[in-house]
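> Model the following, please.
(chains A and B)
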Number of protein chains: 2
Amino acid sequence: MTHLAIVGGSDAGISAALRARELDPSVDVTVVVADAYPNFSICGIPYYFTGEVAPWQSLAHRTSADLGATGMNLRLDTLATAIDIAGRRLEVRSASGQVDRVPYDELIVGTGALPAHAGIAGLDRLGPADGVHVIHSMGDTFALEEDLRAREPRSAIIVGAGYVGLEMAEAFVTRGMAVTQLQRGPEVLSTLDPELGALVHEELAGHGVDVVTGTTVTAIERSGTGLIVTGVRGGEPFTRTADLVLAVLGVRPSTELLERAGAALGAGGAVAVDDRMRTGIPHVWAAGDGIVTHHRLLGITYLPLGTTSHKQGRVAGENALGGDRAFRGSVGTQVVKVFDLVAARTGLRDRDAAAIGFRPLTTSSAADDHKRYYPGAHPIRFRITGDERDGRLLGAQLVGRRGTEVAKRVDTFATALHAGLSVDELSDLDLSYTPPLGSPWDAVQVAAQDWSRQFRSRTADASA
Amino acid sequence: MTHLAIVGGSDAGISAALRARELDPSVDVTVVVADAYPNFSICGIPYYFTGEVAPWQSLAHRTSADLGATGMNLRLDTLATAIDIAGRRLEVRSASGQVDRVPYDELIVGTGALPAHAGIAGLDRLGPADGVHVIHSMGDTFALEEDLRAREPRSAIIVGAGYVGLEMAEAFVTRGMAVTQLQRGPEVLSTLDPELGALVHEELAGHGVDVVTGTTVTAIERSGTGLIVTGVRGGEPFTRTADLVLAVLGVRPSTELLERAGAALGAGGAVAVDDRMRTGIPHVWAAGDGIVTHHRLLGITYLPLGTTSHKQGRVAGENALGGDRAFRGSVGTQVVKVFDLVAARTGLRDRDAAAIGFRPLTTSSAADDHKRYYPGAHPIRFRITGDERDGRLLGAQLVGRRGTEVAKRVDTFATALHAGLSVDELSDLDLSYTPPLGSPWDAVQVAAQDWSRQFRSRTADASA
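This is a model prediction of the structure:
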């Protein structure tokens, strides 16, 4: 019998465990989980704070009982502290401090990531007891909920305007709080071009969020009356105060366990693995937010996403049992709902593409989600990026009202990127149409045709 | 200057004209249109009858003025009667009977299709004045509307339960009529497997439609009190009466003009063309519902769809000006909204695939459209067909509630089919995820993984 030990009870670890048990029900799988909340949907936490998800237990993708029923063993509240490579044993420490060793034939490490502090003074010292929060685990969730309940803060500053920051702005607004959202870059949701980020900005502002862009936060301090956030905006000192601060500044890979075992680090300081999820350490595999990301366009980068962690974990679980599956690569597909707007992206934007040697052309378009004569049609705004040399599709960004099927329209681009199609070939796709839900040329194709038109006129200019 | 003549003012003809004018604004384009309604959205007619679309003019994709502004010339209410191949002239006859000749350098024919009668006696004689309708043109639409207005029929029999038949059932129900829907096959929407068609049947029944399957209609007669539809059901004679009959039995290609010019016919009795839309007659191209369909899996077949007509027309418009674009092929993607349900399909079903030499395996699945903990999640029901030999994706069928993004989820399958992916590779796709709109493994991937699981267990059985 193979003994498979897995470190990490989130997306990567549980996906690996499920895949191993699915492929070989005889394999003995032990999952070491740092807290008591394996397989929780961290992406769902903002909806617990909006009140849409209750109780918190329903955030579990699967309950511990569900997981146990698959035949895996869970060791909860247990920290993996060291890997004995030669002896193939994982050293673990329980909450009570008891040290134990878990023997393994194969080990998969999915230790994930930790909240980034972005060099902001105070974030290392201040915590929930001070009204300063991060939101990365169920522990963070309980701490924030307790603070909201106990102190009833009336105002919040959210430092960061990425996916989680925007979702939490919605949650705080829903709870009646005055929200200030601070963003370093020129526009919110910096994974979109500012032209589309501006639509998300409008949506936030329309719901009362005070969005302040172009602001570099340097410090958070506690005062008698609340929390003081200071920084620089437009070359001038900047100060805001609020009852509560939430810092959502992205993540950094949690690599300590593998680093100490001798694993090499790669892009973004994450653990280097090959496309089979091999760390290079014998019998040790890794997956999830702690490792580098193989990207079909960018090569090796660091782009931690839950969807990717699931795939990497599944690959690691298969290969640890002797399989030879490759992680076929991310294309960086992401989507977020912000109030009544949905924003999505996949692939590269103009500047990402130019930076690695593509010759990008990016065009803007708008196309209705369905035939305008049928009630409820709304325009979807697109940015399409393709290569001027060969017409290859490089990326797409979409923003539309909720209900315009933006989340699954971006999937058409993601699938086309995966398959290496050109922008022009999007018009060859046999996409579905019925007037209440589409158009004979789907909005996706209308945007692609706009790109092709501009591409052609450039080519014509160049040859003139 | 090139003179391009186009016969047909629906999807294929107008797409060809638009493409030609887009690529070369110097080309002289004349579109000969049999009625006064160029570029009308025939697919939208049912929503005119539900009352959701008003006035009828809004069904135009573009107005005649819009079309004129692109620089094309429209000859409305004009019938193309003959092609003088040697002289490169198109003979036309106006509504007043005046015969004229339109000289051309290149000619594109998009004469479309005509309603099929399926051998039902009476359909050749009875018409709107008798309360017997088809619904294929704006003329049919006005005739039906006038009949509904004038006679206020309280009951209708719809013969046929395909896409238009189902949409018209909804329209008649919305107008307060008692609707009987007769279907020859064992289940409605025979382009889906009966297992999924049954869900659509339930939706119809739940809205009061009296659905009668397994019924072959043989005749429609007029009696003193209404219309009598007779046929055979389960070997027994079958009779129903109603105030109005709508026959929606699919279409047959309208080929007369090209046939008389010497064009060869192919699959389904449609005009044979190559993938460049060449008819074989010098300088004569064809596109739309009157021609055969190049299908990426089936080869050459007849599968008239508006989306395909648009693509074929665009190809013909480009090639008539000296281009060399191929129609890259249909995969048979279709979607329909029936009350609050959406049903979609792409590719082949088990029996279609088996009939042409694939070795299909088809599996059923259900997966939520988004994370269940977030409000409003609904299951999507899937049927996935792949080839047992190499795992290639052959087709997918989906049924879900409106709002579950079924219409654009089928597009992921359609894109994967276009690219020739395997079912297993669907799990490699980087599809979008946010809890209100998806899952870390999208529903599409959950269904694909169910297929792969069954595929694997069969392979294991076979090798045991």
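
> Can you list the low-confidence ranges for the stretch 201-350 of chain A?
The stretch 201-350 of chain A contains no residues with pLDDT under 70.

> quick one: the strands in the stretch 1-150 of chain A?
A:3-7, A:28-32, A:73-75, A:78-84, A:89-94, A:99-103, A:106-109, A:113-115, A:132-133 (DSSP state E, counting those that start in this stretch).

> Name the residues that touch the last one?
Contacting residues not belonging to strand A:132-133 are listed as A:122-123, A:126-127, A:140, A:143-144, A:147, A:220, A:222, A:227, A:244-247 [CB atoms under 8 Å, 6 or more residues apart in numbering or on different chains]. (Each C-beta comes from the backbone N, C-alpha and C, glycine too.)

> out of those residues, which are buried?
Neighbour counting with 16 or more other CB atoms under 10 Å in any protein chain shown marks A:122-123, A:126, A:140, A:143-144, A:147, A:220, A:222, A:227, A:244-247 as buried within the contacts of strand A:132-133.

> B:W56: which of the contacts of strand A:132-133 is nearest?
Nearest to B:W56 out of the contacts of strand A:132-133 is A:L246 (CB to CB; 53.5 Å).

> is the closest one in a bridge, and if so with what?
In this entry, A:L246 is beta-bridged to A:H133, A:I158, by DSSP bridges.

> quick one, what contacts it?
A:133-135, A:144, A:156-159, A:165, A:168, A:172.

> next one: A:L67
Taking CB under 8 Å, 6+ apart as the criterion, A:L67 is in contact with A:14, A:17, A:31, A:38-39, A:74.

> same check, this time on A:R372
Contact analysis of A:R372 by CB under 8 Å, 6+ apart lists B:S58.

> Quick check: which element contains it?
Per DSSP states H and E, A:R372 falls between elements, in no helix or strand.

> Look at the closest residue to chain B within the stretch 1-150 of chain A and report its pLDDT.
Nearest residue of the stretch 1-150 of chain A to chain B, counting by CB to the nearest CB: A:S58, 4.3 Å away. Listed pLDDT for A:S58 reads 96.

> In space, what's closest to it - neighbours in sequence excluded?
Among residues not flanking A:S58 along the chain, B:Y373 sits closest, at 4.3 Å (CB to CB, 6 or more residues apart in numbering or on different chains).

> Who does A:L182 form a beta bridge with?
Applying DSSP bridges to A:L182 yields these beta-bridge partners: A:V159, A:V212.

> ok, A:R101 - how many residues close by?
By other CB atoms under 10 Å in any protein chain shown, the residues close to A:R101 number 13.

> Report the mean confidence score over stretch A:437-452.
Throughout stretch A:437-452, pLDDT has a mean value of 98.

> my read: A:M72 touches A:T30, true?
Yes: A:M72 is within contact range of A:T30, at 7.4 Å (criterion: CB atoms under 8 Å).

> who's in contact with the lengthiest helix in chain A?
If you go by DSSP state H, chain A has its longest helix at helix A:443-463. Applying CB under 8 Å, 6+ apart, the external contacts of helix A:443-463 come out as A:361, A:363, A:365, A:367-369, A:380, A:382, A:384, A:386, A:388, A:391, A:393, A:396, A:409, A:412-413, A:423-424, A:426-427, A:429, A:431, A:439, A:441, B:22, B:411.

> before we move on, what about stretch A:21-28?
A:1-4, A:20, A:29, A:70-73, A:317-318, A:321, A:323, B:453.

> can you do 6 Å?
Residues from elsewhere that reach stretch A:21-28, judged by CB atoms under 6 Å, 6 or more residues apart in numbering or on different chains: A:1-4, A:20, A:29, A:70-72, A:321.

> what would those look like in a markdown table with distance to chain B?
Output for the contacts of stretch A:21-28, formatted as a markdown table (distance: CB to the nearest CB, whole Å):
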| residue | distance to chain B |
| --- | --- |
| A:M1 | 19 |
| A:T2 | 18 |
| A:H3 | 23 |
| A:L4 | 19 |
| A:A20 | 14 |
| A:V29 | 18 |
| A:T70 | 14 |
| A:G71 | 16 |
| A:M72 | 18 |
| A:L321 | 13 |
